[in-house]
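Participant: Pasting the sequence and the predicted coordinates here, then a few questions.
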Amino acid sequence: MIIVPLLYIIFFTLSIISLFSPRLGGFWFKYLKLKEPSRLKAFLVNFCIVLTLLPFLIQDKAKDDVPKQQEMSGKAKADAQKKAEEDARKREAYLKSPAGFSDQMAEFKIAYAQAQNEIKKSEIFNQARNYEKNFFESSGNQITNWSGYLTTIGTSKGGNNLRLSVKIDSKISISFREGYGLFDGISPSSIVYNQAREFKEGDCVVFSGTINPNESSITEAGAMRAPYYDFKFNNLARCSN
């Protein structure tokens, strides 16, 4: 309400005026048919009214603050929810990213190395295999624009078949390779073969293709230490930086 603050201001002002002009500061005495007050009386009466109004002023202020506090509280909750949703989106994107994949595989590697016996090691091995299978199948076994380093670029005699191997830069050695079987070399007529002509081992490349989600190491320990996957490259490009 505006009445209480207005009265508070009026009588507070009259209290100050009373110190210099009791007649002016106590002008309202005459309307109550009271004797013109002295300087002290005018000040004390006005100031007592100020003190009387003060609790009501505080109460009104508190009432006015409640909607503001509720509004601020509602905004804080909305901001917190928005941040939580944004964090969840970032977390989901991270889990689907090369970094998320390699970090999880690195955790499996550490857990495997620290396992106290072969039973627990095999359990962790199986967990890793299930994870990678689900990870790649969630994107249709397609990898798009991952980056890594060429570790192998080799051909058979006469260049009839090309072998490629790319290792992604991570906390664990993870490789993707093609052309290591008897009949699965990359043909000279393929786009990738011609793209590979411009690279050397150690170059940073951006690659895409289709992956076999089943890790290809012969041994369990090898799969946990440095997993590699059979891969069908369909594009190879130089890293931008």
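Facilitator: Looks like it arrived, so ask away. Numbering: from 1, shown residues only.
Participant: switch to C-alpha atoms for all contacts and neighbour counts from now on
Facilitator: Fine.
Participant: Which other helices and strands does the lengthiest helix in the chain contact?
Facilitator: As assigned by DSSP state H, the longest helix anywhere in the chain is helix 39-95. Helix 39-95 sits against helix 3-18, helix 22-25, with contacts defined as 3 or more C-alpha pairs under 8 Å, 6 or more residues apart in numbering; DSSP states H and E.
Participant: Comparing these, which comes out most buried?
Facilitator: helix 22-25 (a mean of 19; mean count of other C-alpha atoms under 10 Å).
Participant: Secondary structure of Gly148: a helix, I assume?
Facilitator: No. Checked against DSSP: H, G, I helix; E, B strand; the rest coil, Gly148 lies outside a helix; its state is strand.
Participant: That one: what's its closest spatial neighbour, skipping adjacent residues?
Facilitator: Ile168 (4.0 Å; C-alpha to C-alpha, 6 or more residues apart in numbering).
Participant: now the residue located most distally from the centre of the chain, nearest residue through space, not along the chain?
Facilitator: Using C-alpha atoms, centre = their mean, the residue of the chain lying farthest from its centre is Lys35. It sits 74.5 Å away. Nearest non-adjacent residue to Lys35, counting by C-alpha to C-alpha, 6+ apart: Phe29, 6.8 Å away.
Participant: List the contacts of that neighbour.
Facilitator: Residues in contact with Phe29, defined by C-alpha atoms under 8 Å, 6 or more residues apart in numbering, are Lys35, Glu36, Pro37.
Participant: And Lys171, by the same measure?
Facilitator: Ser102, Asp103, Ala106.
Participant: Quick one: low-confidence residue ranges for this structure.
Facilitator: 1, 57, 60, 62, 64-72, 182-183 (pLDDT under 70).
Participant: in this structure, which residue is closest to the centre?
Facilitator: Asp87 (3.8 Å).
Participant: now the end-to-end length of stretch 200-220.
Facilitator: This stretch, stretch 200-220, spans 31 Å end to end (C-alpha to C-alpha, to the nearest Å).
Participant: Is Asp203 in contact with Thr152, as I believe?
Facilitator: No. Judged on C-alpha atoms under 8 Å, Asp203 makes no contact with Thr152 at a distance of 10.2 Å.
Participant: Next secondary structure after the longest helix of the chain?
Facilitator: Using DSSP states H and E, the next helix or strand after helix 39-95 towards the C-terminus is helix 98-114.
Participant: Need the nearest residue in space to Lys109, chain neighbours excluded.
Facilitator: Met224 (5.3 Å).
Participant: and the gap between that neighbour and Ala111?
Facilitator: 10 Å.
Participant: who has more neighbours, those two?
Facilitator: The neighbour comparison of Met224 against Ala111 (other C-alpha atoms under 10 Å) goes to Met224, with 28 against 16.
Participant: for that one, what are its contacts?
Facilitator: Counting by C-alpha under 8 Å, 6+ apart, Met224 makes contact with Met105, Phe108, Lys109, Tyr112, Phe125.
Participant: any chance of these in TSV, with neighbour count and distance to Ser147 too?
Facilitator: Supplementary listing: the contacts of Met224 in TSV, determined by neighbours: other C-alpha atoms under 10 Å; distance: C-alpha to C-alpha, whole Å:
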residue	neighbour count	distance to Ser147
Met105	25	17
Phe108	20	22
Lys109	23	21
Tyr112	22	26
Phe125	20	26
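Participant: To what extent is the residue nearest to Gly148 buried, counted in neighbours?
Facilitator: By other C-alpha under 10 Å, 22 other residues sit near Ile168.
Participant: Helix or strand for Glu132, just tell me which one.
Facilitator: helix 118-137.
Participant: what's near enough to touch the residue nearest to Phe27 when sequence neighbours are not counted?
Facilitator: Leaving out its chain neighbours, the residue that sits closest to Phe27 by C-alpha to C-alpha, 6+ apart is Glu36, at 7.8 Å. By C-alpha under 8 Å, 6+ apart, Glu36 lies in contact with Arg23, Gly26, Phe27, Phe29, Lys30.
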